[in-house]
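Visitor: Just need the structure, nothing else, for what follows:
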Amino acid sequence: MKFTIYQESRQGGRANNEDRISYCYSREALLMVVADGMGGHHYGEVAAQIAVQTLADSFQREARPTLADPFAFLHRGMTNAHHAILDYAARHHLSDTPRTTCVACLVLDSIAYWAHAGDSRLFLMRAGRVIAQTRDHSRIRMLIEEGLLSEAQAATHPDRNKIYSCLGSPTPPEIEFSRKTPLQHDDILLLCTDGLWGEIPGDMMAITLKGANLVHAVPMLLGQAEARGGPQVDNLSVVAVRWEDAYTGAATGSSVSTQTMALDEIATQLEEFGRDPAHRSDLTEDEIEKAIEEIRAAIDKFNPRKQGQ
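Guide: Now for the predicted structure:
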């Protein structure tokens, strides 16, 4: 595989950053995950951390170097994360369970597979146009599809942030899957939270990113979204990858080539809870360490690691 990938999460104007992002890749597979947590205190952050960490852990264990059933992997990972969040809430006797959206995408053999719950989005961009995207699990999106609300009206509707499917809710999440989607050279897959797409529509992002270096263009998009959102702008998070045809030479500059990776080698970009310097936190060091241990315990209960891992 050969690709360029970039991820970034910004706190915006909020007191805490409840978004979490991650990507992992082996010689033959790539995983990207974005989650947007919801909950009081630091619990929304915990829910999002459990979601991305569960999927990343599963990938690290199973992608040696490929995955037999990508859709089954996504379903199992998101379901395990859902149960781990519920278990964490039960252990802490929380009356209101923390929750999180989740959108995740796998690429194997130049074919993309994605799944989501909530309103964090995936956009597939080709030649400056959005050719596929996820459908928000929100009541507003249902009204738009029924012709009862316009996109312009939805942008300012008081219920625009209310979703009916997420991980950690009392009812099982509605996890929606894509089709197997072949990628072409120069296609872009962009996963993001509503802090970004709520300020900059997908078609505008596609135009901006056409032919651009993601390492420079994505931070520019985040800056524009922050400026549009003003002092109270939401957390903004994104993982974006530009796909390239097979191995057209060695990796150069910001691109990644997996051709020389060992069969059991995994590269992972994921910060532990409370360890991202870009995330301000009022938690003490002891509270962060305790949260890390509790998150690991919740994940391992439903996503156990093999002996020696």
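Visitor: CA only for contacts and neighbour counts going forward, please
Guide: Fine.
Visitor: Give me the phi and psi for the residue positioned nearest the centre of the chain.
Guide: Taking C-alpha atoms, centre = their mean, the centroid of the chain lies closest to residue 34, which sits 1.1 Å from it. For residue 34, the backbone dihedrals (degrees, to the nearest 10) come out as phi -130, psi 130.
Visitor: ok, what's across the strand from it?
Guide: Under DSSP bridges, the beta-bridge partners of residue 34 are residue 21, residue 103.
Visitor: Provide a list of residues in contact with it.
Guide: 19-22, 52, 102-104, 120, 191-193, 237-239 (C-alpha atoms under 8 Å, 6 or more residues apart in numbering).
Visitor: which of those are buried?
Guide: 19-22, 52, 102-104, 120, 191-193, 237-239 (16 or more other C-alpha atoms under 10 Å).
Visitor: from the chain's centre, how far out does stretch 108-120 sit?
Guide: How far stretch 108-120 lies from its chain's middle: 10 Å, per C-alpha atoms, centre = their mean, to the nearest Å.
Visitor: Quick check: residue 59 touching residue 24?
Guide: Yes: in terms of C-alpha atoms under 8 Å, residue 59 counts as a neighbour of residue 24; the distance is 7.4 Å.
Visitor: okay, now residue 159: neighbour count?
Guide: Here the number of neighbours of residue 159 (other C-alpha atoms under 10 Å) works out to 12.
Visitor: now the helices for the stretch 1-150 of the chain?
Guide: Listed in chain order, the helices found in the stretch 1-150 of the chain under DSSP state H, counting those that start in this stretch are 43-62, 70-91, 139-145.
Visitor: so which of the ones you listed is the most packed in?
Guide: With neighbours defined as mean count of other C-alpha atoms under 10 Å, the helices of the stretch 1-150 of the chain peak in mean count at helix 43-62, which reaches a mean of 25.
Visitor: Show me the strands in the chain, by range?
Guide: 2-10, 19-25, 29-38, 99-100, 102-108, 111-117, 121-126, 129-133, 176-177, 181-182, 188-192, 236-243, 255-257, 267-269 (DSSP state E).
Visitor: Next, the angle from the second one to strand 236-243.
Guide: Which is strand 19-25. 20 degrees (axes from the mean of the first three to the mean of the last three C-alpha atoms, to 10 degrees).
Visitor: So what touches strand 19-25?
Guide: Under the contact criterion C-alpha under 8 Å, 6+ apart, strand 19-25 has outside partners 7-9, 30-37, 45, 48-49, 52, 56, 59-60, 193, 235-239, 266-271.
Visitor: so what's residue 240 bridging to?
Guide: Counting by DSSP bridges, the residues bridging with residue 240 are residue 6, residue 190.
Visitor: That one: neighbouring residues, count only.
Guide: Residue 240, neighbours per other C-alpha under 10 Å, totals 23.
Visitor: residue contacts, it?
Guide: Neighbours of residue 240 in contact, by C-alpha under 8 Å, 6+ apart: 5-7, 188-191, 214, 218.
Visitor: Check residue 289 too.
Guide: Residue 289 touches nothing, counting by C-alpha under 8 Å, 6+ apart.
Visitor: From residue 277, how far off is it?
Guide: 15 Å (C-alpha to C-alpha, to the nearest Å).
Visitor: do residue 122 as well
Guide: Taking C-alpha to C-alpha as the measure, residue 122 falls 26 Å from residue 277.
Visitor: Which of these two has more residues huddled nearby?
Guide: residue 122 (29 against 8).
Visitor: Give me the nearest residue to that one, chain neighbours excluded.
Guide: residue 191 (4.3 Å; C-alpha to C-alpha, 6 or more residues apart in numbering).
Visitor: Can you read off the pLDDT for that neighbour?
Guide: Predicted confidence (pLDDT) at residue 191: the value is 98.
Visitor: residue contacts, it?
Guide: 32-34, 103-104, 120-123, 238-240.
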